[in-house]
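[1] Sequence plus predicted model, see below.
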Amino acid sequence: MGNSIINGWSRPNPINIYPEKSCGIFAEGIGMTYQSGKERFVALKGIDLQISKGVIQLLMGPSGSGKTTLLSILAGILTPTNGRVHLLDKEITKMSRKQLSRFRRDHIGFIFQGFNLFPALTAAENVELALNIKGIKGKIARQQSLELLSQVGLASKAQLLPRDLSGGQKQRVAIARALAGNPQIIMADEPTAALDSYNGQAVIELLCQLAKEGGTTVVIVTHDPRIKAFADNITFLEDGEIVPGDS
Ligand SMILES: Nc1ncnc2c1ncn2[C@@H]1O[C@H](COP(=O)(O)OP(=O)(O)OP(=O)(O)O)[C@@H](O)[C@H]1O
C-alpha cells in the first residue's frame with residue numbers, strides 16, 4: 001500500500017485510435033462551451049485522454065483551467081459540446097439520459113470535497129442509502145455497509161453521525177459510500193481539500209489501495225501537490241487544453 005508509482009507525465013499528443021479493450025476511460029476530441037444568455041465560454045478545447053484500468057489518474061491545473069468540467073464529462077454528468085467518451089468500452093456520449101444514469105449508478109462512485117453526507121444519518125446509514133440506490137436493500141445492505149466502513153478503517157464509528165466524525169473520517173465514510181456496489185471507476189473532485197496533511201495522506205493511500213488491489217480506475221481532480229507522488233499519471237490542464245506537466 002502507498003507505493004509511489006510514477007509512469008511519467010501525459011503529453012498533449014492527440015490520441016487518434018479507437019479504445020483498447022483494457023481501457024477504463026477513453027475520451028477523444030472533448031470540447032465544452034458553456035452558454036449563458038448571449039455569453040459563450042469555451043472551457044475545454046479538444047481534449048484527448050486515455051486512462052487504463054486500475055490506474056490513479058490526476059487532473060491538475062490552475063483554477064478555471066477546466067478540471068471539474070472534464071471530470072464531469074468523463075463521469076457522464078455533463079454532456080460535452082464535441083467529442084466522445086467511452087467508459088469501460090461503452091460510449092457514454094451516445095447513451096440516453098436514462099441509460100447514462102443507470103450506467104453511472106452501476107459503474108461509477110463519486111467523492112466530493114465537501115463529503116456530501118446526510119447529517120441526520122449515521123455513517124452506516126449514509127453508506128446503506130447508497131447501497132439502497134444501487135438496489136441492495138435490507139439486511140444485506142446493513143451488512144455490506146458495515147463491511148465497507150470496516151474496509152476504510154471506520155468499523156468502530158459506524159453508528160456515529162457526521163457531526164461526531166473528524167474531516168478525515170467523514171471523507172472515509174464518503175469513500176465507503178462511493179465503493180457501494182463495487183464500482184469499477186471512482187471520480188473524486190478535490191478529495192483532500194478539506195483535510196489536514198495526515199488525513200489527506202490516509203485518504204489517498206486508501207484510494208491507491210483500491211486501485212491497486214481492486215483494479216478500480218480512480219480519477220482525481222486536485223490542487224494538492226502531495227497527491228502527485230501517488231499517481232500513475234498526471235494530466236495538466238491550462239485554459240481548457242492539455243499542457244506538458246511542470247514535474
Ligand atoms: N455552468 C457554467 N457556466 C458558465 N461557465 C462555467 C460553468 N461552469 C464552469 N464554467 C467556467 O468554465 C471554466 C472551467 O471551470 P472548471 O470548474 O471546470 O475549472 P477548474 O479547473 O475545475 O477550476 P477550480 O480549480 O477553480 O475548481 C471556468 O472559467 C468557469 O468559470
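    Thanks, I have it.

[2] quick one: the nearest residue to residue 62 once chain neighbours are set aside from the ligand, how far?
    Spatial nearest neighbour of residue 62, excluding adjacent residues (C-beta to C-beta, 6 or more residues apart in numbering): residue 238 at 6.5 Å. C-beta here means a position set from N, CA and C on the backbone, and glycine is covered the same way. Plainly put, residue 238 is 9 Å away from the ligand if you go by C-beta to the nearest ligand atom, to the nearest Å.

[3] swap in residue 171?
    From residue 171 to the ligand the distance is 18 Å (C-beta to the nearest ligand atom).

[4] Show me what the one helix or strand that residue maps to is packed up against.
    Per DSSP states H and E: residue 171 is located in helix 167-178. Applying 3 or more C-beta pairs under 8 Å, 6 or more residues apart in numbering; DSSP states H and E, we find helix 167-178 packed against strand 108-112, helix 123-133, helix 138-151, helix 197-214.

[5] I'd like to know which of these lies nearest to the ligand.
    Among these, strand 108-112 comes nearest to the ligand, with 11.7 Å by C-beta to the nearest ligand atom.

[6] okay but residue 186 is in contact with residue 177, surely?
    No: using C-beta atoms under 8 Å as the test, residue 186 is too far from residue 177 to be in contact (11.0 Å).

[7] who's more crowded, these two?
    residue 177 (27 against 24; other C-beta atoms under 10 Å).

[8] quick one: buried residues of stretch 157-170?
    Going by neighbour count (16 or more other C-beta atoms under 10 Å), the buried part of stretch 157-170 is 157, 158, 161, 162, 165, 167, 168, 169, 170.
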